[in-house]
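Undergrad: Build the 3D model from these lines:
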Amino acid sequence: MCKVDNGILIILVFGLLLLIKFGLKSGINRINRNLTGAYGEWKVKSGLKRLGDCNYKILNDVLIQNNNYSSQLDHIVVSSYGIFVVETKNFKGWIFGHEKSEYWTHTIFRRKYQFRNPVKQVWGHINSLKRILNKFPSVPYYPIVVFVGSGKLKGITSNVPVISDNKLIRYIQNNSMDEVLSADEVEEIVNIISSSNLINNRLSIKEHIAKANANKSHRNAPKICTSCGGRLIIKNGKFGPFYGCSNYPSCKFTQTFK
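TA: From the prediction side, this is the model:
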């Protein structure tokens, strides 16, 4: 019977332990992200109940098909004053962003992480709603981005309100001035959205997740410096974040942060 070299055996065991460690770490990180997002949505959902059912109809976690892609809306508040569309985020650290950028950044202990621009996301959700609510072309829409948790909003440039969750109810109430929809119209809008909601269709949910993961893989692809072939990394400058070459100072190539 062949003997296995002790050195090879140690390497194999060590490699297996590394795979288990990083596999578990990756799984735990993924679970933590999902729990963090779910907690943020739950907190906003609970807070919206304070508006009451008389004047406001609240729909949570709505999935709408929009041509070749789908929109997952965290919260929709339908009222006689218009439709409030809420995009919820839950991040720690300092948060930076511009309404026209493709990505925003949250910084924790000098480490920078990107996430999709929530302002663009909420406008995409509104466009999806307009498509299914084309019977109501004049209804006003109110996009709102809400951050839950300990994150601090720093250097946010946006005409769309980007606020903490404790300011959400007050914002909605302050914009509930002129009635533009009757009670019957509000009910009809709620019914249209509910009937268009694909959240109970498992196949649609799987397709939505697959497309979202494909888009995420494309977004997470490393950016390459066109000057030297190095990797572009996010840096903070006097006028906000930008992409700089990892080979700085030998390469001073920069690119606008989008």
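Undergrad: okay but D61 is in contact with S194, surely?
TA: No - D61 lies out of contact with S194 (C-beta atoms under 8 Å); the separation is 11.9 Å. (C-beta placed from N, C-alpha, C; glycine too.)
Undergrad: what does stretch 154-167 rub up against?
TA: 40, 43-44, 47, 88, 94-99, 118-119, 122-123, 143-148, 153, 171, 240 (C-beta atoms under 8 Å, 6 or more residues apart in numbering).
Undergrad: Distance from it to the middle of the chain?
TA: Distance of stretch 154-167 from the chain centroid (C-alpha atoms, centre = their mean, to the nearest Å) equals 14 Å.
Undergrad: Quick check: mean pLDDT of that stretch?
TA: Taken as a whole, stretch 154-167 has a mean pLDDT of 94.
Undergrad: Please produce a PyMOL select command covering the buried subset of the contacts of stretch 154-167.
TA: Buried subset of those, written as a PyMOL selection, criterion 16 or more other C-beta atoms under 10 Å:
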select buried, resi 40+43+44+47+88+94+95+96+97+98+99+118+119+122+123+143+144+145+146+147+148+171
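Undergrad: For the closest residue to Q121 other than its chain neighbours, what is the enclosing helix or strand?
TA: Spatially, and ignoring its direct neighbours in sequence, Q121 is nearest to E87 (5.3 Å; C-beta to C-beta, 6 or more residues apart in numbering). Assigned by DSSP states H and E, E87 belongs to strand 82-90.
Undergrad: So which other helices or strands are in contact with that strand?
TA: Applying 3 or more C-beta pairs under 8 Å, 6 or more residues apart in numbering; DSSP states H and E, we find strand 82-90 packed against helix 6-48, strand 69-79, helix 118-132, strand 141-148.
Undergrad: which outside residues touch that strand?
TA: 36-37, 39-41, 44, 48, 73-77, 115, 118, 121-122, 125-126, 129, 133, 139-149, 151, 165, 168, 172, 175, 180-181, 189.
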